[in-house]
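> Need coordinates for the following:
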Amino acid sequence: MGTSRGSAENLFMVRDGVLITPAVSDDILEGITRAGIIEIARYLEIPSRNARSIGPSSISPTRCSSVAPAPQVSPVSSVDHRPVGDGHVGPISKRVSRTYFDAVRGRLDAFRHWVTPIYKGE
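Coordinates of the predicted model:
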């Protein structure tokens with residue numbers, strides 16, 4: 001199993017059906033991918049909060065994903081060698097991840113403003 005520090009990623013967790021991410025005031029990376037995940041949650045009508053600090057002790061009993069431009073949306077299976085949830089990607093995380101990948105590939109009209117079509121030259 002790989003190890004990651006996550007210094008250039010944002011953290012989201014799902015608890016009781018609510019998508020939670022730390023507030024910008026927690027000195028986090030205020031990135032475009034984070035904003036995109038929040039937009040996707042609204043689109044999917046998933047309740048979300050972004051005003052809560054998230055520490056290692058609050059992650060263990062739930063599901064968790066990290067997001068960043070390179071890895072995009074990745075499930076987190078453990079924090080400090082403690083398992084997160086049951087070790088599987090949960091249904092909300094799956095929906096968000098699938099929607100994200102469809103959006104960045106231009107497959108969803110609601111997210112056309114995210115992409116710029118590039119056409120082959122003649």
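
> Only alpha carbons, please: show the longest helix seen in the chain as CSV.
Looking only at the chain and at elements set by DSSP state H, the helix with the highest residue count is helix 91-104. The C-alpha coordinates for helix 91-104 follow below in CSV (Å, rounded to 0.1, in the frame of the first residue of the first chain):
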residue,chain,number,x,y,z
PRO,A,91,-21.4,5.4,-2.9
ILE,A,92,-21.1,9.2,-2.5
SER,A,93,-17.4,9.2,-3.3
LYS,A,94,-18.1,7.0,-6.3
ARG,A,95,-20.7,9.4,-7.6
VAL,A,96,-18.5,12.4,-7.1
SER,A,97,-15.5,10.7,-8.7
ARG,A,98,-17.5,9.5,-11.8
THR,A,99,-19.1,12.9,-12.2
TYR,A,100,-15.7,14.6,-12.0
PHE,A,101,-14.2,12.4,-14.6
ASP,A,102,-17.2,12.9,-16.9
ALA,A,103,-17.0,16.6,-16.4
VAL,A,104,-13.3,17.0,-17.2
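
> can you give me the helices in the chain?
Using DSSP H, helices in the chain cover 32-43, 56-59, 91-104.

> looking at the ones you listed, which one has the lowest mean pLDDT?
For the helices of the chain, mean pLDDT drops lowest on helix 56-59, to a mean of 58.

> ok so, going back, the helices of the chain: which one's closest to residue 75?
helix 91-104 (6.3 Å; CB to CB). Where C-beta positions appear, they are placed from N, C-alpha and C, glycine not excepted.

> Okay then, goodbye and thanks.
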